[in-house]
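Colleague: predicted coordinates and the sequence they were generated for:
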Amino acid sequence: MAVFTPLTDPQVVEFLSRFDAGSLVSLEGVPAGTENTTFFVTTDRRELVLTLFEQGEHEELPFFVELLDYLDEHRLPVPGPLHDRDGVALHALAGKPALLFPKLPGQHPKEPNLTQCRELGDTLGRMHVVSRHFPGHRPNPRDLHWLLPMHHKVLVYLSPQDQTLMKDEVEIYQGFFGNAPDLPQGALHGDLFRDNTLFDGDRLGGLIDFYNGCTGDLLFDLAIVINDWATDTDGRLDAARHDAILAAYQARRPLTDAERDAWPMMLRLTALRYWLSRLLVVYVDPPAHDLTPHDPEQFRTILKARLADGALPLPEVNE
Ligand SMILES: Nc1ncnc2c1ncn2[C@@H]1O[C@H](COP(=O)(O)OP(=O)(O)OP(=O)(O)O)[C@@H](O)[C@H]1O
Ligand SMILES: N[C@@H](CCO)C(=O)O
């Protein structure tokens, strides 16, 4: 159960009174989620989601509001936060920063079909086309600059083989990305796993949970997507889902030559990024709650599969 901060009806009634969103009918805590407290709020006019921010850098919340406003204005399927009658989105509730969102339709796809993969690739491609012009700035908090110092913290918990694997990989990324290939930049979702999307049948209802959002290499976002959406249980790439996502993405934004060169390395770097972040949660900085952490092993397996198999050929772009 991930309601870390309970709320009463009167608190929510008072909160809602600042917005033109109707009067409270019901309030329901959402069990999913491990980082923030989420409630579904039904009013006499609409369905909403109320998020209380439990952790993280609260001073970064205005960046997320600006990014969601920007993507919403550009007609991407994201929950653009509600602004109150004075134009303010971010408020405090029960001592926590709070945002109110429209409730988007759909469920997280566990085993996405090819139509859903195409939808996702198309939407991410559209998002990256507009996000290149997003004026905000937040350096990617999980790129190589983070891997370099942080991987040292987990080495002691790894087998000698895994220590070598992790150290060698980080050194290889440093050699490759340290020479700064010229990769297209823009705003990223930063964590676009299946459980951060909602599908209403085959229709993409929305991309949610933008709290890893940042600016940086667009390719980083795409590699996270492929590693989660197009990987089989043995860690190997699923060619059909891989091609469906990448063909749809590239119909919106063809990859540059530099991105094509960097692609196999970016798949490895983003796999290691999650191996490491999950190891940190398990061994170094466990959260106060007792929810089962995500399994680090899954991303070690993915990394090893990318090393063994390389990347699959990128689908042809139809100009
Ligand atoms: N705008 C929305 N519309 C519909 N459902 C939503 C919306 N926002 C959040 N949810 C639901 O609430 C759940 C928790 O939300 P969210 O992913 O933001 O929480 P979190 O604690 O940050 O989770 P995570 O563990 O993925 O970081 C989601 O899995 C989804 O089911
Ligand atoms: N998507 C992340 C968790 C949320 O940041 C993971 O699977 O490790």
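Modeller: Yep, it's here. Ligands and ions are numbered 1, 2, ... in the order given.
Colleague: how many other residues sit next to Cys214?
Modeller: Counted with other C-beta atoms under 10 Å, the neighbours of Cys214 add up to 25. No exception for glycine: its C-beta is placed from N, CA and C like everyone else's.
Colleague: which residues does it contact?
Modeller: 138-141, 187-188, 190 (C-beta atoms under 8 Å, 6 or more residues apart in numbering).
Colleague: at 10 Å instead, please
Modeller: With contact set as C-beta atoms under 10 Å, 6 or more residues apart in numbering, Cys214 has these partners: 60, 63-64, 67, 136-143, 187-191, 220-221.
Colleague: now intersect these with the helices, please.
Modeller: Here DSSP state H is the test, and the contacts of Cys214 give 63-64, 67, 220-221 as lying in helices.
Colleague: which residues in the stretch 151-300 of the chain form strands?
Modeller: Using DSSP state E, counting those that start in this stretch, the strands of the stretch 151-300 of the chain run over 185-188, 197-200, 203-207, 214-217.
Colleague: could you dump those strands into JSON lines and include distance to Lys96?
Modeller: JSON lines is the format used below for the strands of the stretch 151-300 of the chain (distance: least, C-beta to C-beta, whole Å):
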{"stretch": "strand 185-188", "distance to Lys96": "25"}
{"stretch": "strand 197-200", "distance to Lys96": "24"}
{"stretch": "strand 203-207", "distance to Lys96": "23"}
{"stretch": "strand 214-217", "distance to Lys96": "22"}
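Colleague: ok so, going back, which of the contacts of Cys214 count as buried?
Modeller: 63-64, 67, 136, 138, 140, 142-143, 187-191, 220-221 (16 or more other C-beta atoms under 10 Å).
Colleague: of those residues, closest to Asn179?
Modeller: Asn179 lies nearest to Asp143 out of the buried ones among the contacts of Cys214, by C-beta to C-beta, at 14.8 Å.
Colleague: ok, the closest one - contacts?
Modeller: Contacts of Asp143 (C-beta under 10 Å, 6+ apart): 173, 177, 188, 190, 214, 216-217, 220, 269-270, 273.
Colleague: quickly note the distance from it to Arg273.
Modeller: Applying C-beta to C-beta, to the nearest Å, the value for Asp143 to Arg273 is 8 Å.
Colleague: shared neighbours, these two?
Modeller: The contact sets of Asp143 and Arg273 overlap at 173, 220 (C-beta under 10 Å, 6+ apart).
Colleague: show me which residues of stretch 271-291 are buried.
Modeller: Buried residues in stretch 271-291 (16+ other C-beta under 10 Å): 271-280.
Colleague: typo on my end, it should be stretch 173-187
Modeller: Using 16+ other C-beta under 10 Å as the burial criterion, the residues of stretch 173-187 that qualify are 173, 176-177, 181, 183, 186-187.
Colleague: interface residues of this structure facing ligand 1?
Modeller: 2, 30, 32-36, 38, 49, 79, 101, 103-104, 195, 198, 208-209, 211 (C-beta under 6 Å from any ligand atom).
Colleague: weed out the non-buried ones from those residues.
Modeller: Neighbour counting over these (16+ other C-beta under 10 Å) leaves 2, 30, 33, 35-36, 38, 49, 79, 101, 103-104, 195, 198, 208-209, 211 as the buried ones.
Colleague: quick one, what contacts Gly80?
Modeller: Shown in contact with Gly80 (C-beta under 10 Å, 6+ apart): 65, 68-73, 89, 101-102.
Colleague: which ChimeraX command selects the buried ones in these?
Modeller: Listed next is the ChimeraX selection for buried residues among the contacts of Gly80, using 16+ other C-beta under 10 Å:
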select :65,68,69,70,71,89,101,102
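Colleague: what's the closest of the strands of the stretch 151-300 of the chain to Leu93?
Modeller: So among the strands of the stretch 151-300 of the chain, strand 203-207 is nearest, using C-beta to C-beta, at 22.7 Å.
Colleague: from ligand 2, how far out is the residue nearest to Thr38 when sequence neighbours are not counted?
Modeller: Spatial nearest neighbour of Thr38, chain neighbours left out: Val30 (4.0 Å); criterion: C-beta to C-beta, 6 or more residues apart in numbering. For Val30, the distance to ligand 2 (C-beta to the nearest ligand atom, to the nearest Å) stands at 15 Å.
Colleague: residues touching Val30, list them.
Modeller: Val30 sits next to 1-3, 36-40, 49-51 when contact means C-beta under 10 Å, 6+ apart.
Colleague: lowest pLDDT pick from these?
Modeller: Among the contacts of Val30, Met1 carries the weakest pLDDT, at 48.
Colleague: low pLDDT regions in the stretch 101-250 of the chain?
Modeller: Regions of the stretch 101-250 of the chain meeting the criterion pLDDT under 70 are absent.
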